[in-house]
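Undergrad: below is the sequence, then the predicted model.
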Amino acid sequence: MISQKQLQSFFWQWRGVWVATPLICIAIILTRYLGFFQPLELFAYDLLIKMRTSLPQDDRIVIVGIGEEDVEKIGSAIISDEIYANVIQNLLKQQPIAIGLDIYRDVPIPPGTDKLSQLFRENQNIVGIEKMVGDTRQYRVKPNPILKEKKQIGFNDVILDPDNKIRRALLALPDKQAFSLSMYLALLFLQKENINLTTVGEKNYWQLGNTVFIPLEKNDGSYAQADSGGYQILLNYRDNVNHFDTVSLLDVLENRIPSDWGKNKIILIGFVGESFQDVHLTPYTNSPDQRMPGVEIHGHIISQIIDSAKGNQDSRTLIKTWSETKENLWIIFWTLLGAIVTWNLRKSSNFRQGIVIFVGIEFILVAIVYFAFLANWWIPLLPPLTGLIAVAGGITIYTARNASKIRFTFGRYLSTEIVNTLLESPQGVKLGGERRTITILTSDLRGFTAVSEQLPPEEVVKILNFYLGYMANIISEYQGTIDEFMGDGILVLFGAPISRNDDADRAIACAIAMQLAMKEINQQIEIWGYSPLKMGIGINTGEVVVGNIGSEKRTKYGIVGSEVNLTYRIESYTKGREILISEKTLHSLRNEVQIAETREVSPKGVKKPITIYKIISIKGKYSLFLPEIEEQIIDINEEIKIKYSPLNDKDITEDIYQGKIAKIIIKDIEIGAIVQANCKEKFLPNPLDNLKLNFTNWAYPDDFYGKVVINNREDSSFKIYFTYLPPQIEQKLFNLRLSVMDKKK
């Protein structure tokens with residue numbers, strides 16, 4: 001007895017099959033019913049016809065073809081009754097079973113009209129034509145009155161599919177009172193063999209011999225809502241054009257045919273030249289010169305009727321189709337099979353094996369349909385094949401989506417490119433690294449550490465997540481690899497794990513885009529009621545070791561090397577809204593950049609001074625520009641005394657110096673000052689030094705921080721930009737600027 005838990009487990013384990021199969025089957029069956037599959041299925045039908053071997057020539061039917069050469073020798077495109085009378089008279093000597101005239105003779109064309117009329121009256125095996133079904137392009141054509149009176153008339157209308165190909169044969173009109181020319185001639189032939197037309201069943205289907213001719217319904221085979229008026233069957237061609245033994249009109253007129261050429265056969269007379277516009281597209285037609293004359297199409301229909309009536313199963317008999325229910329079950333079966341196989345293969349590590357199995361299933365389906373067609377059964381190919389492919393695709397997408405969730409989960413800790421390297425590369429998860437020249441970008445928020453100390457942890461995380469999310473999108477846009485987030489800092493690699501020719505250019509463009517994005521970030525930060533953020537970016541290019549670093553239990557994809565440390569040093573020289581790059585990066589660029597400032601610095605751990613460059617634009621395909629903002633220097637009358645201490649690698653020295661703020665500098669969201677040092681102490685900080693400051697005559701005990709931009713030893717002053725100001729001090733300085741400006745007014 002299966003428990004409920006086991007049943008639930010079973011359905012969960014095969015959930016992909018139970019979900020994908022019904023959804024795809026419903027979609028395919030509905031799509032098929034609406035006719036969207038019809039063009040493709042008819043195309044597949046044509047392929048099946050072409051793939052069959054041709055049958056030997058049917059010697060029961062011969063054709064007198066009227067071509068351009070006959071008309072040329074006769075001297076007129078309008079053939080007189082006398083010529084037709086002579087042709088028919090010569091053919092009657094052949095003792096044919098019937099002669100079918102696939103030519104209109106509704107009006108006399110003298111000379112020879114009386115002679116032709118006499119032949120019509122005296123012979124019971126001559127059958128003429130009329131056009132019964134009119135449309136916007138053609139009009140109905142009346143029959144010859146003599147043959148009509150003798151009821152020796154059949155219509156020659158054909159059924160065209162939407163692509164103008166003839167795949168169906170119209171045997172009778174809806175009332176069954178008027179036979180087609182093909183049906184009439186076939187019945188005359190079968191009567192000689194004691195096979196007569198009868199009706200069976202409630203629907204009065206026609207029966208010839210042991211074969212019941214079931215008329216085509218509107219949704220049979222690949223058809224969807226087709227016009228099934230009249231008594232239609234699928235036309236089972238024996239071969240392409242020129243299948244039947246054909247002689248020219250002049251051959252008959254001049255008695256150049258054997259004396260038994262038409263004996264006990266059906267002789268068809270009709271136009272075979274292209275200029276007579278009685279040529280049609282068939283499943284065999286690949287080019288205009290392969291169109292089949294109408295008279296030859298009648299020959300194929302006659303041949304099919306006779307073979308079907310006589311039960312010649314090895315020939316071209318009636319093409320049979322399944323009911324809609326059976327066809328739908330056929331589609332469901334293959335879709336279900338595809339779902340089961342694909343669901344089983346989804347965990348397989350052998351991708352090629354899965355492809356081979358799936359292709360093998362498709363081959364089996366095609367083979368079954370083909371061999372069924374050889375037995376004159378037309379069963380659907382494209383819908384079940386579509387079901388196979390669609391369900392496999394659906395389950396694959398579902399599996400890939402689950403995999404993408406894994407990628408996304410990992411991607412929250414690692415960059416997309418690193419995840420791809422780890423998951424897709426055979427060597428991706430192995431420990432070790434390789435030497436590679438890459439461009440390194442690191443960014444940091446100026447003074448954010450001090451800000452975070454003043455805020456609740458939840459608010460700090462909120463601000464950081466917003467800022468880092470914004471930056472991550474920009475970095476991804478420029479194909480950078482985020483190696484790690486370090487608090488408010490970001491370490492980005494350009495050239496690992498994937499190396500590109502423009503790594504340095506993309507790093508510069510990414511940095512400018514990041515700085516430009518700070519405007520939008522700060523708009524939201526200010527809405528939350530916090531001071532604007534200021535970011536510095538350092539960029540360096542050099543050789544590092546990149547790869548999987550750690551142990552078998554804990555591994556990190558990262559980089560190691562002195563160039564990484566140098567990048568951090570370069571970034572430490574930035575103040576807010578600055579991008580500083582190394583000389584190596586500058587020489588690695590492919591596009592021109594605009595340099596706003598050049599500095600020579602001596603980073604810790606570097607033996608010789610290096611040159612760094614402040615970048616404000618890059619040209620070429622990125623074309624980004626970071627506009628310089630004009631400084632506003634404001635003299636103040638109030639004496640603001642301060643004390644300051646240099647920062648040594650984030651540590652504050654014990655030395656404390658005195659000074660006073662002489663001027664305030666406003667530069668957009670940045671605030672700076674000109675500080676007059678106490679001359680007695682004989683100390684001026686160097687450019688790019690970081691300082692911790694405090695007010696001595698203002699009642700603000702909180703620390704604030706700044707970076708020295710330039711010093712002037714002549715007047716013992718230095719210029720500083722504040723990297724962190726407590727909100728009340730920042731507001732005080734802004735108010736001081738406003739009061740000074742008001743006094744000037």
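TA: That came through, no problem.
Undergrad: can you read off the pLDDT for Met432?
TA: One correction, residue 432 is Gly, not Met. Gly432 is assigned 55 on the pLDDT scale.
Undergrad: equivalent analysis for Glu72, please.
TA: According to the model, Glu72 scores 90 on pLDDT.
Undergrad: beyond the helix or strand it falls within, next helix or strand please.
TA: Secondary structure from DSSP states H and E places Glu72 in helix 68-74. Counting by DSSP H and E, the element after helix 68-74 in chain order, helix or strand, is helix 81-92.
Undergrad: which elements pack onto that following helix?
TA: Where contact means 3 or more Cβ pairs under 8 Å, 6 or more residues apart in numbering; DSSP states H and E, helix 81-92 is packed against strand 98-101, helix 113-122, helix 249-253, strand 266-271. Where you see a C-beta, it was placed from the backbone N, CA and C, and this is true even at glycine.
Undergrad: outside of stretch 311-324 itself, list whatever touches it.
TA: With contacts defined as Cβ atoms under 8 Å, 6 or more residues apart in numbering, stretch 311-324 is touched by 55, 209-211, 213-214, 219-221, 233-234, 236-238, 300, 303-304, 307-308, 327, 330, 376-379.
Undergrad: quick one: distance of that stretch to the chain centre.
TA: Distance of stretch 311-324 from its chain centroid, counting by Cα atoms, centre = their mean, to the nearest Å, is 40 Å.
Undergrad: which parts of that stretch are buried?
TA: Ser315, Arg316, Thr317, Leu318, Ile319, Thr321, Trp322 (16 or more other Cβ atoms under 10 Å).
Undergrad: please apply the same query to stretch 627-638.
TA: Ile634, Ile636.
Undergrad: returning to what we had before: so which of the buried residues of stretch 311-324 are in helices?
TA: With helices taken from DSSP state H, there is no overlap with the buried residues of stretch 311-324.
Undergrad: tell me which of the residues you listed is nearest to Asn286?
TA: Arg316 (20.4 Å; Cβ to Cβ).
Undergrad: any stretches of the stretch 301-450 of the chain with poor pLDDT?
TA: 347-351, 400-432, 450 (pLDDT under 70).
Undergrad: quick one, strands of it?
TA: Using DSSP state E, counting those that start in this stretch, the strands of the stretch 301-450 of the chain run over residues 320-321, 377-378, 432-445.
Undergrad: same check, this time on the stretch 151-300 of the chain
TA: Ranges of strands within the stretch 151-300 of the chain are 153-155, 168-172, 197-200, 205-208, 211-213, 231-234, 245-248, 266-271, 279-280, 292-293, based on DSSP E, counting those that start in this stretch.
Undergrad: adjacent strands (with direction) for the third one?
TA: When you say that, I think you mean strand 197-200. Using DSSP bridges, strand 197-200 pairs in its sheet with strand 205-208 (antiparallel).
Undergrad: how about the longest one?
TA: Here strand 266-271 is paired, per DSSP bridges, with strand 61-66 (parallel), strand 98-101 (parallel).
Undergrad: with mean pLDDT, distance to Leu688 and mean neighbour count added, can I get those strands in TSV?
TA: TSV is the format used below for those (pLDDT from 0 to 100; distance: least, Cβ to Cβ, whole Å; neighbours: other Cβ atoms under 10 Å):
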stretch	mean pLDDT	distance to Leu688	mean neighbour count
strand 61-66	97	100	25
strand 98-101	97	105	26
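Undergrad: follow-up on the earlier one: tell me which of the helices and strands packed on helix 81-92 sits nearest to Ile482.
TA: So among the helices and strands packed on helix 81-92, strand 266-271 is nearest, using Cβ to Cβ, at 77.1 Å.
Undergrad: quick check: mean pLDDT across the closest one?
TA: Here strand 266-271 scores 97 as its mean pLDDT.
Undergrad: what angle separates that strand from helix 81-92?
TA: Strand 266-271 and helix 81-92 meet at an angle of 160 degrees, taking axes from the mean of the first three to the mean of the last three Cα atoms, to 10 degrees as the criterion.
Undergrad: dump strand 266-271 to PDB, restricted to CA.
TA: C-alpha atoms of strand 266-271 as PDB (Å, rounded to 0.1, in the frame of the first residue of the first chain):
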ATOM      1  CA  ILE A 266      -8.100   5.500 -70.500                       C
ATOM      2  CA  ILE A 267      -6.900   8.200 -72.900                       C
ATOM      3  CA  LEU A 268      -6.800  11.800 -71.600                       C
ATOM      4  CA  ILE A 269      -6.500  14.700 -74.000                       C
ATOM      5  CA  GLY A 270      -5.300  18.100 -72.600                       C
ATOM      6  CA  PHE A 271      -2.900  20.900 -72.700                       C
END
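Undergrad: and it, how far from the chain's centre?
TA: With Cα atoms, centre = their mean as the basis, strand 266-271 stands 52 Å off its chain's centre.
Undergrad: outside of it, which residues touch it?
TA: Under Cβ under 8 Å, 6+ apart, the answer for strand 266-271 is 60-67, 84, 87-88, 91, 94, 96-103, 185-186, 188-189, 244, 249, 278, 293-295, 298-299, 302.
Undergrad: and stretch 613-630, by the same measure?
TA: By Cβ under 8 Å, 6+ apart, the residues outside stretch 613-630 that reach it are 505-506, 508-509, 511-513, 515-516, 577-583, 586, 589-599, 667-668, 670.
Undergrad: just the buried members of those residues?
TA: For these, a burial check counting by 16+ other Cβ under 10 Å picks out 505-506, 508-509, 511-513, 515, 577-582, 586, 589, 593, 667, 670.
Undergrad: from those, which ones fall inside helices?
TA: Filtering those for membership in helices, criterion DSSP H, returns Asp505, Arg506, Ile508, Ala509, Ala511, Ile512, Ala513, Gln515, Leu586.
Undergrad: the fifth one and Ile579 touch, don't they?
TA: Yep, that's Ala511 we're talking about. Yes - under the contact definition of Cβ atoms under 8 Å, Ala511 touches Ile579, with a separation of 4.7 Å.
Undergrad: what do the two both touch?
TA: Shared contacts of Ala511 and Ile579, counting by Cβ under 8 Å, 6+ apart, come down to Ile537, Ile539, Ile615.
Undergrad: which helices and strands does the helix or strand encompassing the second one pack with?
TA: Element membership for Ile539 (DSSP H and E) is strand 535-550. For strand 535-550, the helices and strands in contact under the criterion 3+ Cβ pairs under 8 Å, 6+ apart are strand 432-445, helix 503-527, strand 555-560, helix 562-572, strand 578-582, helix 583-588.
Undergrad: among those, which is the most enclosed?
TA: strand 578-582 (a mean of 26; mean count of other Cβ atoms under 10 Å).
Undergrad: run the chain-centre distance for that strand.
TA: On Cα atoms, centre = their mean, the centre of strand 578-582 falls 42 Å from that of its chain.
Undergrad: any low-confidence regions in the stretch 101-250 of the chain?
TA: Scanning the stretch 101-250 of the chain for pLDDT under 70 picks out the ranges 133-139, 176.
Undergrad: 80 - rerun?
TA: 133-140, 175-177 (pLDDT under 80).
Undergrad: pull the contacting residues for Val709.
TA: So Val709 contacts Lys575, Gly672, Pro687, Leu688, Phe718, Lys719, Ile720, Tyr721 (Cβ under 8 Å, 6+ apart).
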